[in-house]
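S.K.: what's the 3D shape of this:
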Amino acid sequence: MNFVTSGQGEAVLLIHGLFGNLDNLKGLGQVLEANHQVIRVDVPNHGLSEHWALMDYPSLAKAMVNLLDQCQIERAHIVGHSMGGKIAMATALAYPERILSVVAADIAPVAYEPRHDIVFAALESLPLEGHTDRRFALTHLTHSGIDEATAQFLLKNLQRTETGFRWKMNLSGLKACYPNIIGWHNQGGESSQVYQGPSLFIRGGESNYVTGEHRNAIMTQFPSAQAKTLEGCGHWLHAQKPAIFNRIVSEFIDKQAM
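M.R.: Below is the predicted model:
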């Protein structure tokens, strides 16, 4: 996996969400690196990381632990937004001895209904060859029903070529693995995994990704969970309320210091 590191101290692994890259949580990383070694990753099928045909949470959790091994890190705090939050939770559940604490931003350890059909359709229908102006791509996405802020975020995945653009991300792979991405593997029963360590769930007050209906699933899998709600923001809470989001995460991690 492609990753960057900064700072020194107890390690913190930062994991972005679907269609993102390692820059998504850069602001949080800049706050944390004053006291921590920060590792920001491009999740497989995103950014500059390798493309995977099969992408599921057990495999992604193993990849995160392999990265810790590569960096010679025995234990780390792990923070993720949306899909990245699921990766963080899956890693803690499968490898609790490697994870000091978990922060999941606006996501719960549950399966969700599809909600990216319009995004996939807009991205797949965007003509990449013969167009070298990003304004054309922006217009295409907004005319396809995507709001401008989300469109600008998605277009960070475009990379210029000699004849037009290409996607940095593995768009076809993400679509093929989408059922795994919105799904959840730890469904309860005797074989279900539990993370007993400190965990924090931060939700956007205007988001419907984490609701009261998810409380039982959270507490069953993360019995030490704490919860925070950031009012006045939706799913992109780290971008909409960066100062308070970064402060909440950094204070939580500092409290868990070994």
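S.K.: got the contact list for residue 25?
M.R.: Each residue near residue 25 by C-beta atoms under 8 Å, 6 or more residues apart in numbering is listed here: 14-16, 40, 79, 81, 84, 238. Any C-beta I mention is one placed from the backbone N, CA and C, and that applies to glycine too.
S.K.: phi, psi for it please.
M.R.: Phi and psi for residue 25, reported as degrees, to the nearest 10, are phi -110, psi 30.
S.K.: give me the below-cutoff pLDDT ranges for the stretch 51-200 of the chain.
M.R.: Counting by pLDDT under 70, the stretch 51-200 of the chain has low-confidence residues at 188-191.
S.K.: before we move on, the earlier item: out of the contacts of residue 25, which sit inside helices?
M.R.: If you go by DSSP state H, the contacts of residue 25 have 84, 238 in helices.
S.K.: can you lay out the contacts of residue 25 as a markdown table showing neighbour count and distance to residue 160?
M.R.: As requested, those are exported to a markdown table (neighbours: other C-beta atoms under 10 Å; distance: C-beta to C-beta, whole Å):
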| residue | neighbour count | distance to residue 160 |
| --- | --- | --- |
| 14 | 26 | 27 |
| 15 | 28 | 27 |
| 16 | 26 | 22 |
| 40 | 25 | 23 |
| 79 | 30 | 31 |
| 81 | 30 | 27 |
| 84 | 27 | 27 |
| 238 | 26 | 28 |
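S.K.: closest one of the contacts of residue 25 to residue 178?
M.R.: residue 84 (15.5 Å; C-beta to C-beta).
S.K.: from memory residue 120 sits against residue 175, does it?
M.R.: Yes: here residue 120 lies in contact with residue 175, judged by C-beta atoms under 8 Å, at a distance of 5.4 Å.
S.K.: which non-adjacent residue is nearest the residue nearest the centre of the chain?
M.R.: Central residue of the chain (C-alpha atoms, centre = their mean): residue 84, 2.2 Å from the mean position. Spatial nearest neighbour of residue 84, chain neighbours left out: residue 15 (3.4 Å); criterion: C-beta to C-beta, 6 or more residues apart in numbering.
S.K.: any idea how far the residue nearest to the centre of the chain lies from residue 60?
M.R.: Between residue 84 and residue 60 the distance is 9 Å, computed by C-beta to C-beta, to the nearest Å.
S.K.: and what of residue 218?
M.R.: Shown here: residue 218 relative to residue 60, a distance of 20 Å by C-beta to C-beta.
S.K.: who has more neighbours, these two?
M.R.: Neighbour tally, residue 218 and residue 60, criterion other C-beta atoms under 10 Å: the higher count belongs to residue 60, 25 against 19.
S.K.: who touches whatever helix or strand that one lives in?
M.R.: Taking DSSP states H and E as the criterion, residue 60 maps to helix 57-70. Among residues not part of helix 57-70, those counted as contacts by C-beta under 8 Å, 6+ apart are 1, 3, 11, 13, 15, 39, 41, 43-44, 52, 74, 76, 78, 86-87, 90-91, 93-95, 98, 180, 184-185.
S.K.: restricted to helices, list these.
M.R.: Checking those against DSSP H, those in helices are 86-87, 90-91, 93-94, 180.
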